[in-house]
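Enquirer: Just the structure for this:
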Amino acid sequence: MKRETPDYIRSDNESEFTAKAARKWLSRMGVKILFIGPGSPWENGYIESFNGKLHEELLNGEIFETLLEAKVLIEQWRWEYNTFRPYSSLGYLPPPPVTIEPMPSVEA
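Expert: Here you go, the predicted structure:
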């Protein structure tokens with residue numbers, strides 16, 4: 001199944017997304033970039049919070065030797081983040097379980 005190319009992608013103005021190569025590639029694809037204003041994390045608060053936690057809790061402490069290692073460790077972190085961690089919006093409780101499923105394996 002082929003997905004349609006979006007008209008726009010919203011991004012912050014941080015250096016990781018202002019790379020010339022990324023802008024060029026998006027331009028060739030016909031995708032326009034809508035930048036979030038500097039100092040305006042409320043425009044994209046959920047992803048800003050997630051990205052901050054991902055960096056602080058995982059990426060700043062790991063050096064990935066292989067792509068498979070990165071996939072496995074990031075998936076483990078994501079699963080724990082979405083399953084067990086307490087959320088301030090829930091009174092610092094973890095999300096209520098809907099069903100308990102085993103952690104999925106990561107394919108290379």
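Enquirer: tell me which element residue 26 falls in.
Expert: Taking DSSP states H and E as the definition, one finds residue 26 inside helix 20-29.
Enquirer: any idea of the pLDDT on the residue lying closest to residue 64 once chain neighbours are set aside?
Expert: With Cβ to Cβ, 6 or more residues apart in numbering as the criterion, residue 64 has its nearest non-adjacent residue at 3.9 Å, and that residue is residue 70. (C-beta placed from N, C-alpha, C; glycine too.) On the pLDDT scale, residue 70 is placed at 93.
Enquirer: returning to that earlier point: give me the helices and strands touching the helix holding residue 26, please.
Expert: strand 32-35 (3 or more Cβ pairs under 8 Å, 6 or more residues apart in numbering; DSSP states H and E).
Enquirer: Spell out which strands sit alongside the strand it packs on in the sheet and which way each one runs.
Expert: Paired with strand 32-35 in the same sheet, following DSSP bridges, are strand 8-11 (parallel).
Enquirer: Using CSV, write out every CA atom in the strand it pairs with.
Expert: Coordinates of the C-alpha atoms in strand 8-11 are reproduced here as CSV (Å, rounded to 0.1, in the frame of the first residue of the first chain):
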residue,chain,number,x,y,z
TYR,A,8,3.4,20.0,4.8
ILE,A,9,5.5,18.7,7.6
ARG,A,10,5.6,20.7,10.9
SER,A,11,9.0,20.8,12.5
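Enquirer: ok, back up a step: what comes up buried for the helix holding residue 26?
Expert: residue 26 (16 or more other Cβ atoms under 10 Å).
Enquirer: you'd agree residue 64 is in a helix?
Expert: No. Read with DSSP: H, G, I helix; E, B strand; the rest coil, residue 64 is coil and lies in no helix.
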